[in-house]
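Visitor: what would the 3D arrangement of this be:
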Amino acid sequence: MSNGQDERQRIAHSIQRVVNIVRVVAVIVLVAIAATGVVRLVRFYSRDVGLSAPRAIETYVRALYEGDANTVYNMTDPDSLVDLYGAPVDRLSFMQQVSALRGDAAPAITSVYTKRLFESKDTLYCIVELTLAEGRASRRFLLETRNMDGRWVMTWPFGLTR
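Guide: Numbers count the residues shown, from 1 in each chain. Alright, predicted model coming up:
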């Protein structure tokens, strides 16, 4: 009987070991699935949490109209900081051109409305409609923005010169 009992204990021990291995593998798989889900949720909602594309566009346009050239510069895609001929534009030149583009007395913005046209990978194309104060006509324009490492930047905002 001792041999039969030892054999049963050995089989029970082997089964217990297999069950423990299966449990560990199951936990690892569940953790991997949960981690993948969390990463996907964060990526999905990161576009609308914090400075989303429409809010980034509004910040950019308001900064441009209010003459905040630093914000405009910082929110412009670094690859777009070139003139019409492809030569890099330095920060000082950019600031001067933003001031010249804005003019002396830019009208105040009452509202900024952003309508998404379409999206391609991390690039978003929007129609932006500005409602200006002082009875001026509203303005509409197309703006391209892209998600660069979790922050939205504007691409090719206007033609820069040397």
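
Visitor: contacts and neighbour counts: CA atoms only from here.
Guide: Fine.

Visitor: what's the nearest residue to residue 113 if we skip its chain neighbours?
Guide: residue 129 (5.1 Å; CA to CA, 6 or more residues apart in numbering).

Visitor: ok, residue 123 next?
Guide: Nearest to residue 123 is residue 146, by CA to CA, 6+ apart, at 4.1 Å.

Visitor: can you give the domain ranges for this protein?
Guide: By the assignment in automatic domain parsing, the chain contains the domains 1-45, 53-155.

Visitor: out of these, which one sits most buried?
Guide: domain 53-155 (a mean of 16; mean count of other CA atoms under 10 Å).

Visitor: just to revisit the earlier point, by mean pLDDT, show me the worst of the domains of the chain.
Guide: With a mean of 84, domain 53-155 has the lowest mean pLDDT of these.

Visitor: can you pull the contacts of residue 153?
Guide: 56, 75-77, 145-147 (CA atoms under 8 Å, 6 or more residues apart in numbering).

Visitor: just those: which are in helices?
Guide: Of the positions in these, residue 56 sit in helices, assigned by DSSP state H.

Visitor: so where's the longest strand in this protein?
Guide: strand 109-120 (DSSP state E).

Visitor: what lies in contact with that strand?
Guide: 54, 57-58, 62, 65, 124-133.
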